[in-house]
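Undergrad: Curious how this folds, go ahead:
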Amino acid sequence: MKLVHALAAIAMTATTLMPQESAATPFEICNTTEIVFFEGTIVDAAIATPELSTLVTAVVAAGLADALAEAEDITVYAPTDEAFGKLSPDVLNAALADVDLLTAILLYHVNPGLLDPRKWINVVKIPTLLGQDLYIHRKEGQQRVNNSAINCMGVRTDNGMVWLIDSVLMPQS
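TA: Numbers count the residues shown, from 1 in each chain. All right, here's what the predicted structure looks like:
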């Protein structure tokens with residue numbers, strides 16, 4: 001019987017010394033995810049990211065590659081190929097066929113300054129290079145720009161920040 005009590009005491013001590021499951025919320029985990037550093041411009045980072053090939057095609061078609069590569073201290077919310085795939089083919093083809101519309105859509109994804117959208121709990125209004133505002137907020141434990149989910153891992157480049165998002169942001173017409 002003494003052996004059973006001794007084993008029970010050892011087992012209880014061991015469980016109190018073992019690390020406990022993290023009680024961190026998804027917001028806390030996301031907020032503490034390390035930012036990745038990329039040597040090169042925002043455009044270089046996009047070209048190096050296979051999931052951004054549609055965005056790169058759109059940036060080149062709009063003639064914005066040089067401007068985005070030369071701009072200083074900007075933040076880009078970069079829709080993935082999957083995000084572009086959510087658009088109806090008619091909308092995507094119309095945007096790719098109209099440089100002014102495509103430029104407006106792309107500039108709506110860029111704001112001046114180096115921002116970390118994971119840091120805000122309340123709704124924050126952010127001006128874009130298009131002149132319209134984006135809204136950063138948290139919904140159901142996840143950071144969002146407008147209604148698009150923001151990936152927790154940001155990329156810091158030589159001239160700005162990039163945050164992957166899961167849908168294409170559409171400016172007001």
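Undergrad: Let me know the distance separating Phe38 from Ile47.
TA: 11 Å (Cβ to Cβ, to the nearest Å). Placement of C-beta: from N, CA and C, glycine included.
Undergrad: again but with Ile136, I slipped
TA: Summarising the geometry, the distance separating Ile136 from Ile47, computed by Cβ to Cβ, is 26 Å.
Undergrad: do the same with Leu169
TA: Counting by Cβ to Cβ, the separation of Leu169 from Ile47 is 21 Å.
Undergrad: Settle it for me: which of the two has more neighbours?
TA: Leu169 (20 against 17; other Cβ atoms under 10 Å).
Undergrad: for that one, phi and psi?
TA: Its backbone dihedrals place Leu169 at phi -80, psi 130, with angles given as degrees, to the nearest 10.
Undergrad: next helix or strand past the host helix or strand of His137?
TA: Following DSSP states H and E, the helix or strand that holds His137 is strand 133-139. Following strand 133-139 in sequence order, the next helix or strand is strand 142-145 (DSSP H and E).
Undergrad: Who does that following strand pair with, and is each partner parallel or antiparallel?
TA: According to DSSP bridges, strand 142-145 forms sheet pairs with strand 133-139 (antiparallel), strand 148-149 (antiparallel).
Undergrad: Indicate which one of these is closest to Asp116.
TA: Taking Cβ to Cβ as the criterion, strand 133-139 is the member of those that comes nearest to Asp116, at 9.8 Å.
Undergrad: Helices along this structure, start to end?
TA: In the chain, helices defined by DSSP state H lie at 2-17, 26-31, 42-47, 53-61, 65-70, 81-85, 89-97, 99-107, listed in chain order.
Undergrad: least reliable of these going by mean pLDDT?
TA: Set side by side, those differ in mean pLDDT, and helix 2-17 is lowest with a mean of 36.
Undergrad: Now for the closest residue to Val123 other than its chain neighbours, how many residues are close by?
TA: Closest residue to Val123 apart from its sequence neighbours, by Cβ to Cβ, 6 or more residues apart in numbering: His137 at 4.4 Å. Neighbouring residues of His137 were enumerated by other Cβ under 10 Å; the total is 17.
Undergrad: same deal with Ala48?
TA: Other residues near Ala48 number 12, with proximity taken as other Cβ under 10 Å.
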